[in-house]
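In: My questions are about this predicted structure, shown below with the sequence.
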Amino acid sequence: MLIDLHAHSSASDGSLSPEELIDYAIEKEIKILALCDHDTTGGLSRFIAYGAGKDINTISGLEISATWEKGNCHIMGLGISSDYAPLESILQKIRDSRDNRNLHIIEKLNSFGIDITIDQVESLAGGDVIARPHIARAMLNKGHVSSVQEAFDKYLAKGAPAYVDRYRLDPENAVQLLLEARSLPVLAHPSQLRLSTEELDNFVEKVKCMGLAGMEIYTPYTPDDELPLYINIAEKYNLFITGGSDFHGESKPNHFLGYYRKDKPIPESCAIAVI
């Protein structure tokens, strides 16, 4: 049985609408699918409603970017409640910070001779969240880069010339907020934390004490020879193991729905905790 517990729609920075994502998943014979858009629950009601009665089990999710210095720290909430007012208030604050950052990024890009506008970027967004992938796609459309990845590598990634930071929760507060919203907090793609084994163990122990429930181990970012390392840490702290493609559509063409590698399906066992 094919499953995927980490996919994105156009409600954040994916290229498919929530409805198109479900149609695509059904076409690929995926039976369990979680929508985990960045910093918004805006696509979830459409996602759940459209999936009702179809041959697929849909799961409400959310992905929050937390403060982090070395790489990226993302915390997902699986089974999230989208009507929890304190959560929605924080998400709005995060989105407002994104909007302000986008203006500063575009100002920097313009100073480098890259002539894109916020209107061009907004026209590529299908929901509440306007993010760097939309800026990258605008750059691609205008011929300033040859791919979305090139836009990130040269201009938009952390440490690149046009990078601008934004408001984020720290990891512990993100976990607590997701717990309050009646979801299962999951550490997404832990290899992106860029920690040593000892550092990762210490970090997981810390957030486990705050309520972390699971670790996303089967992801496109984790080399096969490192899978046992992450499995051992998850088992040490009694965390359930999950997996997802981090599917975005056009902006991440090498991420395949239902697979953590092009030819390796996400294990069915990863769905046990959420169904």
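Out: Great, that's in hand. What you see is a predicted model, and the numbers here were worked out from it, not measured in a lab. Numbers count the residues shown, from 1 in each chain.
In: isn't residue 112 right up against residue 162?
Out: Yes. Between residue 112 and residue 162 there is a contact at 7.1 Å, judged by Cβ atoms under 8 Å. In short, each C-beta sits where N, CA and C put it, glycine included.
In: where do the contact lists of these two overlap?
Out: residue 155 (Cβ atoms under 8 Å, 6 or more residues apart in numbering).
In: what about residue 48, is that helix, strand or coil?
Out: Classification of residue 48 by DSSP: H, G, I helix; E, B strand; the rest coil places it in helix.
In: which residues sit in contact with the residue nearest to it when sequence neighbours are not counted?
Out: The shortest distance from residue 48 to any non-neighbouring residue, by Cβ to Cβ, 6 or more residues apart in numbering, is to residue 58 (5.5 Å). The neighbourhood of residue 58, defined by Cβ under 8 Å, 6+ apart, consists of 22, 33, 34, 35, 47, 48, 51, 52.
In: Just the pLDDT for the fourth one.
Out: Reading off the confidence values, residue 35 has pLDDT 98.
In: what pairs with it across the strands?
Out: residue 7, residue 60 (DSSP bridges).
In: That one: how many residues sit nearby?
Out: Residue 35 has 31 neighbouring residues, counting by other Cβ atoms under 10 Å.
In: What of the fifth one?
Out: Per other Cβ under 10 Å, the neighbour tally for residue 47 reads 26.
In: So it is in contact with residue 17, correct?
Out: No. Look at residue 47 against residue 17 with Cβ under 8 Å: they stay out of range, at 9.2 Å.
In: where do the contact lists of these two overlap?
Out: With Cβ under 8 Å, 6+ apart as the test, residue 47 and residue 17 both reach residue 9.
In: buried sites along stretch 205-215?
Out: 207, 208, 212, 213, 214, 215 (16 or more other Cβ atoms under 10 Å).
In: no wait, stretch 118-126
Out: Of all the residues in stretch 118-126, those buried under the rule 16+ other Cβ under 10 Å are 118, 120, 121, 124, 125, 126.
In: what does stretch 86-101 give?
Out: By neighbour count on 16+ other Cβ under 10 Å, the buried set for stretch 86-101 is 87, 90, 91, 94, 95, 98, 101.
In: next one: stretch 38-54
Out: For stretch 38-54, using 16+ other Cβ under 10 Å, the buried residues are 38, 39, 40, 41, 42, 43, 44, 46, 47, 48, 50, 51.
In: Now do the SS call for the third one.
Out: Taken by three-state DSSP, the conformation at residue 40 corresponds to coil.
In: My read is that it contacts residue 11, right?
Out: Yes. With contact defined as Cβ under 8 Å, residue 40 reaches residue 11; the gap is 5.7 Å.
In: intersection of neighbour lists for those two?
Out: 127, 128, 129.
In: who's in contact with the second one?
Out: By that I understand residue 128. 11, 12, 40, 42, 95.
In: So for residue 112 and residue 162, which sits in the more crowded spot?
Out: Taking neighbours as other Cβ under 10 Å, residue 112 and residue 162 compare with residue 162 leading, 22 against 12.
In: In the protein, mark out all the helices, start to finish.
Out: According to DSSP state H, the chain carries its helices in the segments 18-27, 44-51, 85-111, 118-122, 132-141, 148-151, 171-180, 197-210, 227-236.
In: what's the first one in contact with?
Out: It refers to helix 18-27. So helix 18-27 is in contact with 4, 7, 9-11, 14, 16, 33, 35, 43-44, 46-47, 50-51, 54-56, 58, 247, 257-258, going by Cβ under 8 Å, 6+ apart.
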